[in-house]
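Novice: I'd like to go over a predicted model; first the sequence, then the structure.
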There are 2 protein chains.
Amino acid sequence: VSDSPIAVLSRAECLERLRQQPVGRIGITIGALPVILPVNFTLVDGAITFRTVPGTKLSAATTNAVVAFEVDACNSSGESGWSVLVQGVASEITEPSEVNAALDTLEQPWGVRGDADRIVRIDMQMISGRAFGAESAA
Amino acid sequence: VSDSPIAVLSRAECLERLRQQPVGRIGITIGALPVILPVNFTLVDGAITFRTVPGTKLSAATTNAVVAFEVDACNSSGESGWSVLVQGVASEITEPSEVNAALDTLEQPWGVRGDADRIVRIDMQMISGRAFGAESAA
């Protein structure tokens, strides 16, 4: 293991790991400061898709903005694991049939108050991933 | 539980949760794009402290820059959990005795190549946290 400390994940491996995780973390800018928030999400038509509450800071910060999105997993000691990073433009889905389909599919968002009936998608302009420790040899 | 969907964590609760986690995620800017990377860290003198390899993008992006740092945990379905967000200025520790003490204390960083002998600290200018689902009633 020690002689293969890092493995670069292929795009297919990155997508597979994105599909396996219910929660990722979005990196946005609010008030000119960087913010990272956990978000539960689903891949829909190849885009990271989640629900937000209209009028919230998260909702505003994901309107036509370049964002980061990350998923990871590691063992309890933090000695092996993997991470996948997506960068892309977040935007609102407004076409009524797509909105309704997404509302039927997507879970309620993690820890929000109010009606989360706004659908945000992140187009994956860039995706990269790496595994390390025992994970890198898998 | 359903009538207490979110609980705001006190500063003391946020610090306690930061102490319990070996790995967090740092939000930085590289090439004008937002990036989120997992980092294993330790609290030293009230600051998030970790090792980087000199000359890397992570090292450059944490030199006197405002960054976000997040830790979280959730159950496997993503229905309950908590998150803590720190915002502050990252800077290099250069005082030799502090560097040596930190090198003795801090683990090797997660998945890097090279000698991680540069020590970065994030002063916690802002810290906030929340819990939701079953966690919010704990």
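Specialist: In hand now; what should we look at? Here the structure is a predicted model, which is why all the values come from computation and not from measurement. Numbering: from 1, shown residues only, chains lettered A, B, ... in the order given.
Novice: near chain B, which residues of chain A show up?
Specialist: Contacts of chain A with chain B, taken as CB under 8 Å from any CB of the partner chain, map to A:5-6, A:22-23, A:25, A:27-29, A:33-38, A:40, A:66-70, A:72, A:74, A:76-78, A:81, A:83, A:85, A:87, A:107, A:110-113, A:126, A:130-133, A:136. Where you see a C-beta, it was placed from the backbone N, CA and C, and this is true even at glycine.
Novice: using PyMOL, define a selection of the buried residues within those residues.
Specialist: To isolate the buried members of those in PyMOL, using 16 or more other CB atoms under 10 Å in any protein chain shown:
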select buried, chain A and resi 5+22+23+25+27+28+29+34+35+36+37+38+40+66+67+68+69+70+72+74+78+81+83+85+87+110+111+112+130+131+132+133+136
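Novice: ok, now which ones touch residue A:115?
Specialist: When the contact criterion is CB atoms under 8 Å, 6 or more residues apart in numbering or on different chains, the partners of residue A:115 are A:53, A:54.
Novice: find me the pLDDT at it, would you?
Specialist: Residue A:115 is assigned 87 on the pLDDT scale.
Novice: chain B versus that one, what's the distance?
Specialist: Counting by CB to the nearest CB, to the nearest Å, the gap from residue A:115 to chain B is 13 Å.
Novice: now residue A:48
Specialist: Per CB to the nearest CB, residue A:48 is found 13 Å from chain B.
Novice: elements contacting the host helix or strand of that residue?
Specialist: Secondary structure from DSSP states H and E places residue A:48 in strand A:47-52. Packing partners of strand A:47-52 (3 or more CB pairs under 8 Å, 6 or more residues apart in numbering or on different chains; DSSP states H and E): strand A:42-44, strand A:81-93, helix A:96-105, strand A:118-122.
Novice: relative to strand A:118-122, how tilted is the second one?
Specialist: Here strand A:81-93 runs at an angle of 130 degrees relative to strand A:118-122 (axes from the mean of the first three to the mean of the last three CA atoms, to 10 degrees).
Novice: can you tell me the average pLDDT over strand A:81-93?
Specialist: Mean pLDDT, strand A:81-93: 96.
Novice: now do stretch A:125-136
Specialist: Per-residue scores along stretch A:125-136 average to 88.
Novice: distance from it to the middle of the chain?
Specialist: 15 Å (CA atoms, centre = their mean, to the nearest Å).
Novice: and stretch A:114-126, how far apart are its ends?
Specialist: With CA to CA, to the nearest Å applied, stretch A:114-126 spans 32 Å between its terminal residues.
Novice: typed the wrong thing, it's stretch A:105-113
Specialist: Taking CA to CA as the criterion, the two ends of stretch A:105-113 lie 19 Å apart.
Novice: got a list of contacts for it?
Specialist: Stretch A:105-113 is contacted by residues A:22-23, A:38-42, A:44, A:49-53, A:56, A:116, A:119, B:5-6, B:74, B:78, B:81, B:83, B:130-133, B:136 when judged by CB under 8 Å, 6+ apart.
Novice: recalculate using a threshold of 10 Å.
Specialist: Surrounding stretch A:105-113, the residues in contact under the criterion CB atoms under 10 Å, 6 or more residues apart in numbering or on different chains are A:22-23, A:37-42, A:44, A:49-53, A:56, A:58-59, A:115-116, A:118-120, B:5-7, B:72, B:74, B:77-83, B:130-133, B:135-136.
Novice: that older thread, among the residues of chain A next to chain B, which ones are in strands?
Specialist: A:6, A:23, A:25, A:27-29, A:33-38, A:40, A:66-70, A:72, A:74, A:81, A:83, A:85, A:87, A:126, A:130-132 (DSSP state E).
Novice: could you give the number of residues near residue A:120?
Specialist: 25 (other CB atoms under 10 Å in any protein chain shown).
Novice: distance of residue A:42 relative to residue B:39?
Specialist: Separation of residue A:42 from residue B:39 (CB to CB, to the nearest Å): 27 Å.
Novice: between these two, which one's more packed in?
Specialist: Neighbour count, other CB under 10 Å: between residue A:42 and residue B:39, residue B:39 has more, with 24 against 16.
Novice: now do that one against residue B:112, distance only.
Specialist: 10 Å.
Novice: please apply the same query to residue A:94.
Specialist: From residue A:94 over to residue B:112 the distance is 42 Å, taken as CB to CB.
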